[in-house]
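In: give me a 3D structure for the following:
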Amino acid sequence: MNELFILGELMNNPMHGYLLHQILNGIVGLTRKISWGALYPLIHGMLADGLIEQVFSDEQSEGAPRGKGKKKKIYRLTNEGRIRFFRLMEEPIPYSPDYELHFYTKLKNFGLISEEVQFLILHQYKDYLRYEIRHEEERLEYASKDERIPKEEQQYILTFFRHRLEKLRFDEEWVLQLIDRHRENGKGLE
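Out: The predicted structure follows:
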């Protein structure tokens, strides 16, 4: 997912690692920060794989005498990186706790891919939600019939399962609306 994010960000403009770090952390939210210890090994691996390349900026630190100061390392996408980006966008997302964040990473890159691939990604997300809904319905049914669960505990478990089910159904309705809009106008999600 982080590789796809970096490739997507570099599709339009070269960037330095600090900016990539800021944008990525802005996307993943307050509770899931990406550390430098995770980001830079990923960048170095992508450099080694030929997906991105490093160039240096002529910008200098403010106030630094001419010819001195640290040059910024800027990363830009290679042709291999573009190919990898499109391949990652087409690949199904494995079902995992990070599925939704991975989907949102793909969604933010919809302007860079074909309508057919957009449609495919939306349908994959719909299928994932339906899988989760079925699972939540089964958990709700099981927990409501399990006599081993104390009644005072059971009511809160059922409340949580119902709430989770409502959220999943809301998300399913949302993605179905996106699919309908996509189908109606034939121009993506606009």
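In: show me the contacts for the residue lying closest to Leu122 once chain neighbours are set aside.
Out: Nearest residue to Leu122 in three dimensions, chain neighbours excluded: Ile179, at 5.1 Å (C-beta to C-beta, 6 or more residues apart in numbering). Where you see a C-beta, it was placed from the backbone N, CA and C, and this is true even at glycine. Residues in contact with Ile179, defined by C-beta atoms under 8 Å, 6 or more residues apart in numbering, are 119, 122-123, 126.
In: now do 10 Å
Out: By C-beta atoms under 10 Å, 6 or more residues apart in numbering, the residues touching Ile179 are 118-119, 122-123, 125-126, 189.
In: show me what counts as buried in the helix or strand harbouring it.
Out: In this structure, Ile179 sits in helix 151-185 according to DSSP states H and E. By neighbour count with 16 or more other C-beta atoms under 10 Å, helix 151-185 contains the buried residues 154, 157, 161, 164-165, 168, 171-172, 175, 178-179, 182.
In: swap in stretch 39-59?
Out: Buried residues in stretch 39-59 (16+ other C-beta under 10 Å): 39, 43, 46, 51-53.
In: count the neighbours of Ser142 for me.
Out: Ser isn't right for residue 142; it's Tyr. 11 (other C-beta atoms under 10 Å).
In: so what does the strand or helix carrying Ile74 touch, helix or strand wise?
Out: Here Ile74, judged by DSSP H and E, is contained in strand 73-77. Counting contacts by 3 or more C-beta pairs under 10 Å, 6 or more residues apart in numbering; DSSP states H and E, strand 73-77 packs against helix 2-10, strand 15-16, helix 17-28, helix 36-48, strand 52-56, helix 79-90.
In: for the worst-scoring helix or strand of the chain on mean pLDDT, name the packing helices and strands.
Out: Lowest on mean pLDDT, DSSP states H and E among the helices and strands of the chain sits helix 17-28, with a mean of 84. Applying 3+ C-beta pairs under 10 Å, 6+ apart, one finds that helix 17-28 contacts helix 2-10, strand 15-16, helix 36-48, strand 73-77, helix 99-108.
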